[in-house]
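*Asks:* Attaching a predicted model along with its sequence, questions to come.
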Amino acid sequence: MPLMARAARLESEGHTIFQLGQAQVDYEPPSNFIQALVEACQSREHYYHGYAPDAGTAELRAALSRYLALSFGFEADPENEILVTPGANHAAYTALTVLLAPGDEAILISPYYFNHLMTVTLLGAQPHVVETPSKGGFIPRIEDIVDAWSPRTRVLILVNPSNPTGARYPDDWIRELAAALARDPRWEDVWILSDQTYQEIYFSGDHPVSPASILRIRERSITVSSFSKSFALAGWRLGFLTAPEPFVDQCLKIQDSSVICATYAAQHALARTLQQEKDTSNYLAEKRALLARRRDSLLRPLREDGEIEVQTPAGACFAFLALPDGTDAETFAWELLSAQRVVTVPGDHFGRGWNSHLRLSFGRGTEVELEEAGRRIVSYRKTL
Ligand SMILES: Cc1ncc(COP(=O)(O)O)c(C=O)c1O
């Protein structure tokens, strides 16, 4: 946050800032969404300005059920297995509130998404962190996850594709993990919370495999996701949680006693967007191609320089760089901002042991700007 505040101050003083810090995308939302939203706001139907049903509108849950089958590879009953939430963070927060009591343990994969760590800690539970090898695409070892079990373990949290590494866990890796968890009796009562906020952002092949699509662990899988990134709708707060009915029932109580519902008009617009399947699929394919070009533009100068280790992100909109040995990423990030006006996030925000890594987001900026940002990182590196 202090780094972002300094960047904002520099910007207000007239400096051009290269923003690789925030996990936001800057492209336009689908035009079908904007059109349906405007129509809802202008219509005489006053209910668009009121509370929506707590679990989400029937129209949206039906559209989500179909979308899940197409993009996540599993079916969910729109009546009782889907909860529309104001974003994936609130979905994860709700699920973890249901699951965790003080003293319980949640297994996180490091580098982790820090909001998950904060939620676990806020609930008085203990994070149990499994480290990921930094080589080979940031894929954790399945045996390390299985061995992290303790009698207090309640949930394993996965983020795929990953924030902050941009790793996409191979489909077979997900299947092997599911098989390992299913055959180990200690894991019988442990839930798997899969955060698939970046499910639509992958750069080759098809959608990542969802744990909930694997029969042997389906009954203990919770999936959360959102449209903040895929449809560039972060401000409209639209996400969902899907899980077996008794679990969704418990989540509904948390939602009802906290935010109540997601915004009605936005739910309506999202349902209309998802119903236009061909337009949506074209939109998503276009944005994937755009992000792949942005990724390549940003990383090109770093690759040419060759002094900073760059693993190619297979999904999401992040690269996680290994700085030359002995470089402290926190100092690097501050000085990079002062000297070259590039905002990044130091790796230790995503777990201890990553303090020589740096997260770069390529969700914002043109290809030209991103290439220039990459060049500036190299220029600063050369001064060390
Ligand atoms: C892994 C992950 N989950 C959840 C979120 C939050 O998404 P939402 O805007 O849907 O709450 C983010 C945002 O950066 C994220 O990276």
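*Replies:* That came through fine. Numbers count the residues shown, from 1 in each chain.
*Asks:* tally of neighbours for Arg44?
*Replies:* Here the count is done by other Cβ atoms under 10 Å, and Arg44 has 5 residues near it. From N, CA and C alone the C-beta is placed, and that goes for glycine too.
*Asks:* can you confirm it is in a strand?
*Replies:* No. Per DSSP: H, G, I helix; E, B strand; the rest coil, Arg44 lies outside any strand segment and is coil.
*Asks:* Tell me the pLDDT of it.
*Replies:* pLDDT for Arg44: 88.
*Asks:* For the protein, identify the residue most remote from the centre.
*Replies:* Distance from the C-alpha centroid of the chain peaks at Arg44, with 36.2 Å (Cα atoms, centre = their mean).
*Asks:* Contacts only, for it.
*Replies:* Residues in contact with Arg44 (Cβ atoms under 8 Å, 6 or more residues apart in numbering): none are found.
*Asks:* Dihedrals phi and psi, it?
*Replies:* phi -90, psi 0 (degrees, to the nearest 10).
*Asks:* Also Ala319?
*Replies:* Backbone geometry at Ala319, expressed as degrees, to the nearest 10, gives phi -120, psi 140.
*Asks:* Verify the contact between it and Phe362 for me.
*Replies:* Yes. Ala319 lies in contact with Phe362 (Cβ atoms under 8 Å); the separation is 7.0 Å.
*Asks:* between the two, who's got more neighbours?
*Replies:* Comparing Ala319 with Phe362 by other Cβ under 10 Å, the one with more neighbours is Phe362, at 27 against 24.
*Asks:* Now name the helix or strand holding the residue nearest to the more buried one when sequence neighbours are not counted.
*Replies:* Among residues not flanking Phe362 along the chain, Arg294 sits closest, at 4.4 Å (Cβ to Cβ, 6 or more residues apart in numbering). Using DSSP states H and E, Arg294 sits within helix 277-305.
*Asks:* Looks like Phe18 contacts Gly374 (just checking).
*Replies:* No. When contacts are counted by Cβ under 8 Å, Phe18 is not listed as touching Gly374 (9.3 Å).
*Asks:* Quick check: beta-bridge partners of the residue in the stretch 201-350 of the chain that the ligand sits nearest to?
*Replies:* Of the residues in the stretch 201-350 of the chain, the one nearest the ligand is Ser226, at a distance of 2.9 Å by Cβ to the nearest ligand atom. Note on Ser226: beta-bridge partners by DSSP bridges are Gly239.
*Asks:* show me the residues around it that make contact.
*Replies:* When contacts are counted by Cβ under 8 Å, 6+ apart, Ser226 touches Gly87, Ala88, Ala91, Thr197, Leu238, Gly239, Phe240.
*Asks:* at 7 Å what do you get?
*Replies:* The neighbours of Ser226, taking Cβ atoms under 7 Å, 6 or more residues apart in numbering as the test, are Gly87, Ala88, Thr197, Leu238, Gly239.
*Asks:* So which residues on the stretch 201-350 of the chain come close to the ligand?
*Replies:* Ser226, Ser228, Ala234, Gly239 (Cβ under 6 Å from any ligand atom).
*Asks:* pLDDT for those residues - can I get that in a markdown table?
*Replies:* A markdown table is the format used below for those (pLDDT from 0 to 100):
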| residue | pLDDT |
| --- | --- |
| Ser226 | 97 |
| Ser228 | 98 |
| Ala234 | 98 |
| Gly239 | 98 |
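*Asks:* that older thread, can you give the distance of the helix holding Arg294 from its chain's centre?
*Replies:* 17 Å (Cα atoms, centre = their mean, to the nearest Å).
*Asks:* who does it touch, helix- and strand-wise?
*Replies:* Contact partners of helix 277-305 among helices and strands, from 3 or more Cβ pairs under 7 Å, 6 or more residues apart in numbering; DSSP states H and E: strand 318-322, helix 367-382.
*Asks:* what comes up buried for it?
*Replies:* Buried residues in helix 277-305, counted by 16 or more other Cβ atoms under 10 Å: 280, 283-284, 287-288, 291-292, 294-302, 305.
*Asks:* same thing with stretch 218-226?
*Replies:* By neighbour count with 16+ other Cβ under 10 Å, stretch 218-226 contains the buried residues Arg218, Arg220, Ser221, Ile222, Thr223, Val224, Ser225, Ser226.
*Asks:* Of Phe18 and Gly374, which one has the most company?
*Replies:* Higher neighbour count among Phe18 and Gly374: Gly374, with 28 against 25, using other Cβ under 10 Å.
*Asks:* Ignoring the adjacent residues along the chain, who's closest to that one?
*Replies:* Among residues not flanking Gly374 along the chain, Pro301 sits closest, at 3.9 Å (Cβ to Cβ, 6+ apart).
*Asks:* Relative to Glu45, how far out is the residue nearest the centre of the chain?
*Replies:* In the chain, the residue lying closest to the centroid (Cα atoms, centre = their mean) is Thr197, at 3.9 Å. From Thr197 across to Glu45, the span is 31 Å (Cβ to Cβ, to the nearest Å).
*Asks:* repeat for Ile217
*Replies:* Distance from Ile217 to Glu45, counting by Cβ to Cβ: 42 Å.
*Asks:* So between those two, which is more surrounded?
*Replies:* Ile217 (20 against 13).
*Asks:* hang on, isn't that one packed against Pro211?
*Replies:* Yes. The pair Ile217 / Pro211 is scored as a contact, 5.7 Å apart, by Cβ atoms under 7 Å.
*Asks:* list residues touching both of the two?
*Replies:* By the contact definition Cβ under 7 Å, 6+ apart, Ile217 and Pro211 are jointly contacted by Ala178, Ile192.
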